[in-house]
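Engineer: sequence unknown, structure follows:
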């Protein structure tokens, strides 16, 4: 444990960052991206752009999943809801 004087001499030290040992850690809430909400709130001229973007993201994710499965980095097949976004031919 360093002394307060030693900490104050450090160039990147901010006194505002000091906390008592029993004080709880600050937590940042994790927000989950919701495609349906984004599409519902999007202007009409952007909906097609977003749908195309989401399709490309899904295609890349599926390709990476199968590559990792093929190379042994992944043990489980792609998740079911991702597979359901594609036809058998795709």
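Structural biologist: On my side now, so go ahead. Everything quoted here is computed from the prediction, not taken from an experiment. Residues are numbered from 1 along each chain as shown.

Engineer: neighbours of residue 30, just the number please.
Structural biologist: Using other Cβ atoms under 10 Å, residue 30 has 5 other residues around it. Using the backbone N, CA and C atoms, a C-beta is placed for each residue, glycine as well.

Engineer: what does residue 55 give?
Structural biologist: Residue 55 has 12 nearby residues by other Cβ under 10 Å.

Engineer: Adjust the sequence numbering to begin at 28 for everything that follows.
Structural biologist: Understood, numbering begins at 28; the last thing we discussed is residue 82.

Engineer: And the one helix or strand it maps to, what does it pack against?
Structural biologist: Using DSSP states H and E, residue 82 sits in helix 71-98. Helix 71-98 makes packing contacts with helix 62-68, helix 107-110 when contacts are defined by 3 or more Cβ pairs under 8 Å, 6 or more residues apart in numbering; DSSP states H and E.

Engineer: Ranked by average pLDDT, which of those falls at the bottom?
Structural biologist: Ranked by mean pLDDT, these bottom out at helix 107-110, with a mean of 92.

Engineer: That one packs against which elements?
Structural biologist: Helices and strands touching helix 107-110, by 3+ Cβ pairs under 8 Å, 6+ apart, are helix 71-98.

Engineer: Could you give me the buried positions within the helix it packs on?
Structural biologist: 85, 89, 92 (16 or more other Cβ atoms under 10 Å).

Engineer: shaky segments in the chain?
Structural biologist: Residue ranges of the chain with pLDDT under 70: 28-29, 31, 42, 44-48, 50.

Engineer: can you rerun that using 80?
Structural biologist: Scanning the chain with the threshold set as pLDDT under 80 gives 28-53.

Engineer: Could you report the neighbour count for residue 35?
Structural biologist: Residues near residue 35, counting by other Cβ under 10 Å: 10.

Engineer: That one and residue 41: what is the separation?
Structural biologist: As for residue 35, its distance to residue 41 is 10 Å (criterion: Cβ to Cβ, to the nearest Å).
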